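Participant: Here is a sequence together with a model predicted from it:
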Amino acid sequence: MKFINTDKMKNININQGSFSIDNLNNPEQDKKLKIITLSGTESVTKNMTIYEYGDDIIAVDCGIGYPDSEMLGVDVVIPDMTYLVENAHRFKGLFITHGHEDHIGAIPYLLKQVNVPIYGNKLVQGFIGERLKEKRFSGIGENISFHLLTSEGEEVTVGSFTVSGFRVNHSVPSSMGLAIKTPVGMVLHMADYKIDWTPVLDKPIDLAKIAEFGEKGVLCLLSDCLGATTDGYSKSETSLSSTFHELFEQASDRQIMVTTISSNISRIYQITDAALKMERKVALSGRSIDQSVRVARGLGYLPFPDDAFITDEDAMRYLQKDLVYIIAGCYGQQGSALDRVARGEHSNIVLEQDSLVVFSADPNPPGVEEDVERLMDQLTLRGAEVIYSKIQENLHVSGHGPKGDLTTIASIVRPKYFIPIGGTVTKARAYRDLVSKLGFDKNSVFELLEGESVEFSDGHAKRGERLTLKQILIDGSSVAGIGPMVIKDREQLSTDGVFVVVVPMRGGVILRDKIEVITRGFIYVRESKELMNRSKDVIGRIIDKMNGNQINQDNGGKKNRKKDKQKKDQGSDLVEINAVNGDITTDVVFKHDWGAVKGKIEKDVGRFLYKETGRNPMVIVHGMDV
């Protein structure tokens, strides 16, 4: 027997004596376009968006985020890509709009789990290829499938989607918007963009092509919203050229360092051009800077003589007044080249008194402000003059269009629906209010959180289900990430320190009078001997108490209590503990499960220390055979 889903029989009209079964015969009728903002709508970074239709899935961008001050020991934050891993058989392609780390940096972590074709321009492919050469990602790139997609090239069809690129301007050359044809309509995906009529290395944004899409009809525009609270129109990138020349001229006999985003090839071009005009060579410092410059030079984006660039190791053979350093570390990353210079730990660069250090990379992404401030403080204390945008105009031109640029695009495209991306919740709301002033219905703007979705069918849109996501914190190269308990432990260690109890044992017997306590980051031991001795007394009482209240487990895990006996060994108190064999304990009189002893000491000592000091150090109990 075959049952008919009556929800599909929308065209039945019994009153008129006829009905249509078109919906039943059309397998596409139930298919919807689903757009899922996997990340990049609550913060400026780790951008990734999923497009889904029927059995086909594509994704746009796959970037990293930066840890905040509470994410101790975390290197980067990446999107939760579980949905794509679970649907790997449907995942047909990853499309990249441009080469910034917050749009490509998480690709190696994705490729560790899913081997998916990647579509992007040559610069993007070069950046990704360099990253995959790193030791921590060795082997991942051996089977990678790159496909060329450019703003001037042909469209590509992947499953139910046909994708083409079009020119936009941003702070990295060859940035693209994506025109995505779907069975339910055209979608424009414009991640990071601005309108620049005189870009450094690019042609201007292709407004004619964007207008053509608008004339044909656009179902939805996914638009950068980071500049939605900034008035005016974008300044051109070329406006910075004179700034660098003037700064270098003023510091004619001084050491000069400029730090910027490693993928900002346009900025690197301007810095290099100004340096060569002042007859200085450019010294590159930092792995990310080296990689980006190598890729960009290979593709012709930096058409300078080979001897214009030297390594920071070679720079030791030059007078510092004959160099300009382009150095990694603009976001204050600990361990970066500039961070090591500021701490006096760089093996090839020594910061000179009255050096000029220029930060040309703000606005900073969320979470890095404290690190940048710390780094600038360190450089200042070591005698450098630090220049940044708050005290010097024209040090940075944003790659994100302000209100004028955003309204221009919205007016040209005139989509039916909007999804703001690449910003915070506040920026998304500002974007909604901005386009509503152009006459668009506020309800046509979907302000999505990470994991939320919009479903499109029959020319209409509605909110879909939300994916359950978790925060993926990366320490090293593991895709598994760091769990919340690890972060909690690190926070505890950083604020209250650690208190270690060393319990010596011989032949399965605790040597009660040999117990030692060690602390780091909690108290100053020489001034707290009384507290240390009292803590030993607490530990001794715990052992004595457990010696009188034995906990046994039978094979079924049931706990029984037995009356214990006292035992002495040549004047020293001894408490025997058992070894655990699987789930079965082989207790005899005066023996205890070591796990129970350890847990009791950790719990009670922690309470004692908090009562005495008001602090909560991590208590670790370690059993040691002697």
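Facilitator: Happy to help now that I have it.
Participant: going forward, measure contacts and count neighbours with C-alpha atoms only.
Facilitator: Will do.
Participant: Quick one, grab the pLDDT at the residue nearest to the spatial centre of the chain.
Facilitator: Geometric centre of the chain, nearest residue: G65, 2.1 Å, by CA atoms, centre = their mean. Looking at G65, its pLDDT is 86.
Participant: Check P117 too.
Facilitator: 96.
Participant: List the beta-bridge partners for the residue nearest to the centre of the chain.
Facilitator: Listed by DSSP bridges, the beta-bridge partners for G65 are V77.
Participant: That one reaches M48, doesn't it?
Facilitator: No. Counting by CA atoms under 8 Å, G65 sits too far from M48 to count as a contact (11.1 Å).
Participant: Only alpha carbons, please: show whichever strand or helix holds V605 as CSV.
Facilitator: Element membership of V605 [criterion: DSSP states H and E] is helix 594-613. Only the C-alpha atoms of helix 594-613 are listed here, as CSV (Å, rounded to 0.1, in the frame of the first residue of the first chain):
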residue,chain,number,x,y,z
TRP,A,594,43.7,4.7,45.7
GLY,A,595,41.1,6.6,43.6
ALA,A,596,39.0,7.1,46.7
VAL,A,597,42.0,8.2,48.8
LYS,A,598,43.1,10.6,46.1
GLY,A,599,39.7,12.1,45.5
LYS,A,600,39.1,12.6,49.3
ILE,A,601,42.5,14.4,49.7
GLU,A,602,41.8,16.7,46.7
LYS,A,603,38.4,17.7,47.9
ASP,A,604,39.1,18.2,51.6
VAL,A,605,42.5,20.0,51.0
GLY,A,606,40.8,22.3,48.5
ARG,A,607,38.2,23.2,51.1
PHE,A,608,40.8,23.8,53.7
LEU,A,609,42.9,26.1,51.5
TYR,A,610,39.9,28.1,50.4
LYS,A,611,38.8,28.6,54.0
GLU,A,612,42.3,29.7,55.1
THR,A,613,43.2,31.9,52.1
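Participant: Please state the offset of it from the chain centre?
Facilitator: 37 Å (CA atoms, centre = their mean, to the nearest Å).
Participant: Same question for stretch 436-445.
Facilitator: 32 Å.
Participant: End to end on that stretch, go ahead and measure it.
Facilitator: Start and end residues of stretch 436-445 are separated by 9 Å (CA to CA, to the nearest Å).
Participant: mean confidence score for that stretch?
Facilitator: pLDDT averaged over stretch 436-445 gives 96.
Participant: Return the distance of P108 relative to Q320.
Facilitator: Taking CA to CA, one finds P108 at 38 Å from Q320.
Participant: same check, this time on A208
Facilitator: 48 Å.
Participant: Repeat that for S528.
Facilitator: For S528 relative to Q320 (CA to CA), the value is 51 Å.
Participant: what's the answer for F161, then?
Facilitator: Between F161 and Q320 the computed distance is 54 Å (CA to CA).
Participant: Name the residues of the helix holding V605 that come out as buried.
Facilitator: Neighbour counts over helix 594-613 (16 or more other CA atoms under 10 Å) mark 594, 597-598, 600-602, 604-606, 608-609 as buried.
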